[in-house]
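**Q** Sequence and predicted model, in that order:
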Amino acid sequence: MRIKVLPDNIANQIAAGEVVERPASVVKELIENSLDAGASIIEIHIEKGGLQLISIRDDGSGMDKQDLPLAIAQHATSKIRILDDLTHIGSLGFRGEALASIASVSQLSIVSKPRGAEQAWQLTSDAELLPAAHEEGTSINIVNLFANVPVRRKFLKSVRTEFNQIESVVKRAALSAYPVAFKLIHNDKILWQVLPLNNAEQYPQRLSKIIGKVFAEQCLAIDESRAGMRLWGWVLPEQHSRAHADWQYMFVNGRMVKDKLLNHAIRVAFTEVYQQGRYPAYVLYLECPAENVDVNVHPTKHEVRFVEQRLVHDFVQASLARGTKPSSAEPVYYSAPNTEVVAHSIAEPTQAYRPSVSKLSYKALVAIDNQFILTQVDEQIWVLHYARACRWFAEQALANGQLTPQPLLIPTQCCLSTREMELCLQQAALWLEFGIDIRQMSPSNVVIRSLPAFLMGSEASPLIQALLKCTTQADITLCLAKHAFVGSNLSLEAQQQCLKQLALFTREEAEQAGVLQACSADKVEAWFT
């Protein structure tokens, strides 16, 4: 077949496949345009989850009569003039394809009045220009989204789900622009609105409104600067970590992003939280020179690329470590995206069986025969007996009566007979004292919701069967200690968990217990020859 240039309408619909994924994508693009126009008030009207109507009204700089037809032209923008502008992008939108793509899959109309102008003009869905009555600013109405591309509607979710996505987009926008007032209306009902804030001391008011009072009242303020970069915002302490990654907001120069580099830095800073199957909660803002970050790497602008990747990674990770863990160990340095860091520095845990007396930082080097962990302490190589160490940690925790239950990321179900169910319900209150939270789900099934830290990774069903045979607290203590060994596959996560527990004790205590032993260079060499 001969090569032909695609008609504009087909080209726009192809672009819409990348830019306009769902109604929330449309709302995001239009809000970004309003923010770029200097709006101080943005109203969002939604009907039927955005499929019937999306209307965005602002009091920004507006567009004159000549600019309205160009607004829906492909690759037309007021934010880029020359090639060098791409290296200094300070606006949220700049590609010049959003409105053209939206117009190709919906009925779009625009009414706008520039500041100081006498007349407002409307661009109808039929591309006609008509005089209109409108205050200074712009209103954009999108009716029947995807009506002329019905196959796209088949991939959308329910009205409730689509609106939840829209609400999430508006909340993120409100967190990115505190001086701007937002109002969200769905089916003629005002769901929520926030007033403009120009004083940084008032910012927690918006956090409380959008995320919740728990976050606003418990969060720690972060504000670190280095090498022309600034990281500021708020983080919940580790004891308030979440079961879901729903309170996580990261902005780069005012732009909401989901970046692998930054996610890795945050994951390293909150290693202990992630090891417990929990998620940190944060609202963070990274500010850096525009020429040091490339925002033109993804059609929806969700991802960015930094010129100095390692510098940015280490700055973010170290800033969070200082802000949330004043006594944390030195940062783990980043190597490259999607690559595993070999040496893992284990910070002193914040939750312990007893007050920590160890200031050692253990680095996992390698696992041998799924039984031993080679670790480095003060330039000395030591060997840790994994199974013996796990049982020792369990015995110490049980002896001190300081068990910390760890919620399971995915609760485990266990099938029991009628007699076993009776015994289980009788013992449930006692097991809870040992950090085992078990609930009945049906006449023959229970669900295990939490386990003590030293049992994380253990098989739940064999543990419950063994506990059913225990009649006293001493029996339960012995049973839990026997089940402390975490399987036969000594994974990197298991090594980290083990070394984290080891940091709660002195080296002398570990040696006396027979779980830690100095290892000569000859022995290390013999293991690998």
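**A** The structure has been received and is ready for your questions. Numbering: from 1, shown residues only.
**Q** ok, what's across the strand from residue 226?
**A** Going by DSSP bridges, residue 226 is paired in beta bridges with residue 229.
**Q** neighbours around it, how many?
**A** Using other CB atoms under 10 Å, residue 226 has 12 other residues around it. Just so you know, the C-beta spots here come from the backbone N, C-alpha and C atoms, and that holds for glycine as well.
**Q** and the closest residue to residue 54 other than its chain neighbours, which of the three is it?
**A** Leaving aside its chain neighbours, residue 54 sits nearest to residue 142 (4.3 Å; criterion: CB to CB, 6 or more residues apart in numbering). Recorded secondary structure, residue 142: strand (DSSP: H, G, I helix; E, B strand; the rest coil).
**Q** where do the helices sit along the stretch 351-500 of the chain?
**A** 386-400, 418-433, 460-467, 473-482, 492-502 (DSSP state H, counting those that start in this stretch).
**Q** and these as a markdown table, adding mean neighbour count and distance to residue 35?
**A** Listed next are these as a markdown table, based on neighbours: other CB atoms under 10 Å; distance: least, CB to CB, whole Å:
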| stretch | mean neighbour count | distance to residue 35 |
| --- | --- | --- |
| helix 386-400 | 20 | 52 |
| helix 418-433 | 14 | 50 |
| helix 460-467 | 17 | 49 |
| helix 473-482 | 16 | 55 |
| helix 492-502 | 21 | 41 |
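**Q** Nearest approach to residue 166 belongs to which of those?
**A** Among those, helix 492-502 comes nearest to residue 166, with 36.7 Å by CB to CB.
**Q** can you give me how far the closest one is from the chain middle?
**A** 24 Å (CA atoms, centre = their mean, to the nearest Å).
**Q** One more: stretch 158-172?
**A** 17 Å.
**Q** in it, what's buried?
**A** Within stretch 158-172, the residues that count as buried by 16 or more other CB atoms under 10 Å are 159, 162-163, 165-167, 169-172.
**Q** what do you get for stretch 114-126?
**A** 114, 120-123.
**Q** what's the closest residue to residue 71 other than its chain neighbours in contact with, if anything?
**A** Distances taken as CB to CB, 6+ apart place residue 99 nearest to residue 71, at 5.4 Å, with adjacent residues excluded. The contact partners of residue 99, by CB atoms under 8 Å, 6 or more residues apart in numbering, come to 29, 33, 71-72, 108, 140.
**Q** Okay, now stretch 102-113: how far is its last residue from its first?
**A** End-to-end span of stretch 102-113 (CA to CA, to the nearest Å): 21 Å.
**Q** show me where pLDDT drops low in the stretch 351-500 of the chain?
**A** The model of the stretch 351-500 of the chain has pLDDT under 70 over residues 351-361, 363, 370, 378-379, 398-405, 409, 453-454, 456-458, 484-490, 493.
**Q** Next, residue 108: secondary structure please.
**A** Judged by three-state DSSP, the three-state class of residue 108 is strand.
**Q** And for the one 10 residues further on?
**A** The three-state label given to residue 118 by three-state DSSP is coil.
**Q** where's it relative to residue 59, distance?
**A** 17 Å (CB to CB, to the nearest Å).
**Q** got it, and residue 133?
**A** 15 Å.
**Q** Settle it for me: which of these two has more neighbours?
**A** Applying other CB under 10 Å to residue 133 and residue 59 shows that residue 59 carries more neighbours, namely 21 against 9.
**Q** Report the contact partners of the closest residue in space to that one that isn't next to it in sequence.
**A** Using CB to CB, 6+ apart and skipping the chain neighbours, the partner closest in space to residue 59 is residue 137 (4.1 Å). Taking CB under 8 Å, 6+ apart, we find residue 137 in contact with 37, 39, 57-60, 62, 112-113.
**Q** swap in residue 111?
**A** By CB under 8 Å, 6+ apart, residue 111 lies in contact with 120-123, 132, 134, 138-139.
**Q** Residue 316 too?
**A** So residue 316 contacts 231, 262, 265-266, 269, 286 (CB under 8 Å, 6+ apart).
**Q** Next: residue 119.
**A** Neighbouring residues of residue 119 by CB under 8 Å, 6+ apart: 65, 113, 131.
**Q** go again using 6 Å as the cut-off
**A** Applying CB atoms under 6 Å, 6 or more residues apart in numbering, one finds that residue 119 lies in contact with residue 131.
**Q** Among the contacts of residue 99, name the buried ones.
**A** 29, 33, 71-72, 108, 140.
**Q** before we move on, the earlier item: can I get the buried residues of stretch 114-126 in JSON lines with pLDDT, distance to residue 443 and secondary structure?
**A** Output for the buried residues of stretch 114-126, formatted as JSON lines (pLDDT from 0 to 100; distance: CB to CB, whole Å; DSSP: H, G, I helix; E, B strand; the rest coil):
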{"residue": "114", "pLDDT": "93", "distance to residue 443": "70", "secondary structure": "coil"}
{"residue": "120", "pLDDT": "94", "distance to residue 443": "68", "secondary structure": "strand"}
{"residue": "121", "pLDDT": "94", "distance to residue 443": "69", "secondary structure": "strand"}
{"residue": "122", "pLDDT": "94", "distance to residue 443": "65", "secondary structure": "strand"}
{"residue": "123", "pLDDT": "92", "distance to residue 443": "65", "secondary structure": "strand"}
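**Q** Against residue 2, how distant is residue 67?
**A** Residue 67 is 37 Å from residue 2, by CB to CB.
**Q** which one of the two has more residues nearby?
**A** Of the pair residue 67 and residue 2, residue 67 is the one with more neighbours under other CB under 10 Å, namely 16 against 3.
**Q** what's the more buried one sitting at in phi/psi?
**A** phi -80, psi -20 (degrees, to the nearest 10).
**Q** what's the angle between the longest strand along the chain and helix 418-433?
**A** Looking across the chain with DSSP state E, the single longest strand is strand 405-415. Computed by axes from the mean of the first three to the mean of the last three CA atoms, to 10 degrees, the angle separating strand 405-415 from helix 418-433 equals 180 degrees.
**Q** now residue 507: how far from residue 467?
**A** Distance, residue 507 to residue 467, by CB to CB: 34 Å.
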